[in-house]
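Undergrad: any chance you could fold what I've pasted below:
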Amino acid sequence: MKRALLLTGFLVLAACSNGASGTSSRTPLGGPNAAVTVTGFSDFECPACRGAHLGILKPLMEKYGNQIRYDHMHFPLRQIHRYSLDAAEASECAADQGKFWEYVDILFERQEDLSEEAFPAWAEQLGLDTDQFNKCMKSHLKRSAVLADYKVGRELGVGGTPTFFVNGTQVQSGVDTMSAAIDAELEKLTQRL
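TA: Numbering: from 1, shown residues only. As a prediction, the model looks like this:
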């Protein structure tokens, strides 16, 4: 219960932010007010996270659509992934211009090409205002938002990536295991009606 409250509290605060400062302006996937929330802690340089993004998240979103809300949380493993923090900051700078998920797709698709030079090139490719993006990156304005996600993850006991929660309960990574957890939560809702 404590985990669910901590996670819910943080997500409410994140949703209220406007991105004008060091807060996040990323939006969730799926239904913003869905009763089932899937939260994923991820590192853009983690090969398993890339696999989860393509092989778990996308199928879940296709299956459930607006029945679930998917919230991305940053969990950069800086000790082993050189560009993980920078990539997370870049995604947040893209979020300020409404292109968080498009930038996330590029980060995972081109994971082996992560570099300081690649981040602004990908922003330009997406049609972002590159001056604004570059200022955001150079200022490290979004670092506090990224590290706040990381802190929440640590408080929830996240030790590696990817790590997923369904309505605040940690669930083993996998389409089948996560679908079962989502279905159980949806079933609880229908029983209440």
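Undergrad: what about Leu186, how many neighbours?
TA: The tally of other residues near Leu186 (other CB atoms under 10 Å) stands at 16. Yep, even glycine has a C-beta here, placed from its N, CA and C like the rest.
Undergrad: which residues does the closest residue to it other than its chain neighbours contact?
TA: Using CB to CB, 6 or more residues apart in numbering and skipping residues adjacent in sequence, the residue nearest Leu186 is Val36, 6.1 Å away. Neighbouring residues of Val36 by CB atoms under 8 Å, 6 or more residues apart in numbering: 64, 67-69, 166-167, 182, 185-186, 189.
Undergrad: which among those residues count as buried?
TA: Neighbour-count burial (16 or more other CB atoms under 10 Å) applied to those gives 64, 68-69, 166-167, 182, 185-186.
Undergrad: what about those residues, which are in strands?
TA: Applying DSSP state E to the buried ones among the contacts of Val36, the entries found in strands are 68-69, 166.
Undergrad: nearest to Leu107, of those?
TA: Arg69 (21.2 Å; CB to CB).
Undergrad: so what's the closest one bridging to?
TA: Gly30, Thr37 (DSSP bridges).
Undergrad: which SS state does the residue nearest in space to the middle of the chain fall under?
TA: The residue lying closest to the centre of the chain (CA atoms, centre = their mean) is His72, at 1.8 Å. Assigned state for His72: strand (three-state reduction, DSSP: H, G, I helix; E, B strand; the rest coil).
Undergrad: quick one: contacts for it?
TA: His72 makes contact with 26, 28, 40, 42, 100, 104, according to CB under 8 Å, 6+ apart.
Undergrad: give me the number of residues near Glu187?
TA: Residues near Glu187, counting by other CB under 10 Å: 10.
Undergrad: make a PyMOL selection of whichever of the contacts of His72 turn out to be buried.
TA: The PyMOL command for the buried members of these (criterion: 16+ other CB under 10 Å) is given here:
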select buried, resi 26+28+40+42+100+104
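Undergrad: okay, and which of the contacts of His72 map to helices?
TA: Members of the contacts of His72 lying in helices (criterion: DSSP state H): 100, 104.
Undergrad: from the contacts of His72, which single one is nearest Ile56?
TA: Ile56 lies nearest to Gly40 out of the contacts of His72, by CB to CB, at 8.5 Å.
Undergrad: residue contacts, the closest one?
TA: Counting by CB under 8 Å, 6+ apart, Gly40 touches 52, 57, 70-73, 162-165.
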